[in-house]
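J.: predicted coordinates and the sequence they were generated for:
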Amino acid sequence: LSYQIDPGKEASPQASLLGDVGFRNADLKLTPAQLLQNIRDVQVRQHLPPSSALAESRAAPINLDVEMETGTGKTYVYIDTMYRLHREYGWSKFIVVVPSVAIREGVFQTFKDTEDHFQALYGHKVRRFIYDSSRPEPILAFSDSPGLHCMIINTQAFASEVRAEGTGSKTLRMFREMDQFGTRRPIDLIAANRPILILDEPQRLEGSATQSALARFRAPLALRYSATHRTRHNLVHRLDALDAYNRKLVKRISVRGVTVKNLPGTNGYLYLAGFRTFPDGRPPEARVHIEYALQGGTVKRRHLWLG
């Protein structure tokens, strides 16, 4: 979908009239009811609890959770997802948001390592780059070039508009009008593309400042990939430890058990009676029976639900 790029404050009237052509993601055309029904169909097929409503967040109006065990190829999966969304729907602008510089470098390396593989599968490469406001060329190409583009960014680069430095403070370059961008702000140029957000380890991106900053990308959709989601949205895929082992994605799995030592039963007793789970995504609870001695030797039993 093409649109006219904002030429900036210093452009001539002729430039404003003619403008440059940019390419942004098309808007979602399905109604919320249709989207919810599609999500529920996917959940039923994968034996997941069906959602009762679309889960919104400050990052995007639509949020899909993908739960994958650590070490099972999460980065590979969301790169492949970009290619598939581009092939099926023409969406071409993506932003991968990561919680740290170390993860950012690892993600970028995976893009490099799998580049030839995905070109063989799909016939083209994704133009990927790490966000750096001092290098405007990739950011400008992100807007005014067709094809599949992905920007990789860590939260420290955008999570706060003002960053303290020494005794003073300064506005981050992403939120400053800059000559390299035609006196536009990089955030406005990026947001005009309506990029799809891919949140890597979203449980580490839940701070208020980070969530407010994510909203400024104006994303129509956020895809959330993690092994341990803290806040639940619309879960569309789950690959747990046992599934990963059965599919030979991991060599082994370990089960952490509970051992009891030096407890003869005279001072206390603990019995696990059962578990219960909740369809709204709350953590499961355990039903336990406890017997404990009161002063004078009387033993009392209690039944408790524990988190």
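T.: Yep, it's here. Fair warning: this is a prediction, and the values are worked out from it, not measured in the lab.

J.: can you give me the neighbour number for residue 281?
T.: 15 (other CB atoms under 10 Å). Glycine gets a C-beta too; all of them are placed from N, C-alpha and C.

J.: and it, how far from residue 231?
T.: Residue 281 sits 8 Å away from residue 231, going by CB to CB, to the nearest Å.

J.: can you pull out the helices in the protein?
T.: 13-18, 32-45, 74-89, 101-113, 115-122, 136-144, 186-191, 208-215, 241-246 (DSSP state H).

J.: single out the most deeply packed of these.
T.: helix 186-191 (a mean of 20; mean count of other CB atoms under 10 Å).

J.: what packs against that helix?
T.: helix 136-144 (3 or more CB pairs under 8 Å, 6 or more residues apart in numbering; DSSP states H and E).

J.: ok, residues contacting the helix it packs on?
T.: Outside helix 136-144, the residues that touch it by CB atoms under 8 Å, 6 or more residues apart in numbering are 5, 20-24, 93, 127, 129, 131-133, 149, 151, 178, 180-181, 186, 189-190, 192-193.

J.: show me the contacts for residue 244.
T.: So residue 244 contacts 69, 71, 72, 250, 253 (CB under 8 Å, 6+ apart).

J.: quick one: which of the residues you listed is nearest to residue 122?
T.: residue 72 (21.8 Å; CB to CB).

J.: ok, that closest one touching residue 253?
T.: No - the criterion here is CB atoms under 8 Å, and residue 72 misses it with residue 253 at 11.4 Å.

J.: the two: which has the busier surroundings?
T.: residue 72 (18 against 12).

J.: and the pLDDT at that one?
T.: pLDDT, residue 72: 87.

J.: partner residues bridging the residue nearest to the spatial centre of the chain?
T.: By CA atoms, centre = their mean, the chain has its centre lying nearest to residue 199, at 1.9 Å. Taking DSSP bridges, one obtains residue 97, residue 224 as the residues bridged to residue 199.

J.: list the contacts for it?
T.: 59, 97, 205, 222, 223, 224, 225.

J.: cool, residue 130 as well?
T.: 104, 108, 151, 152, 153.
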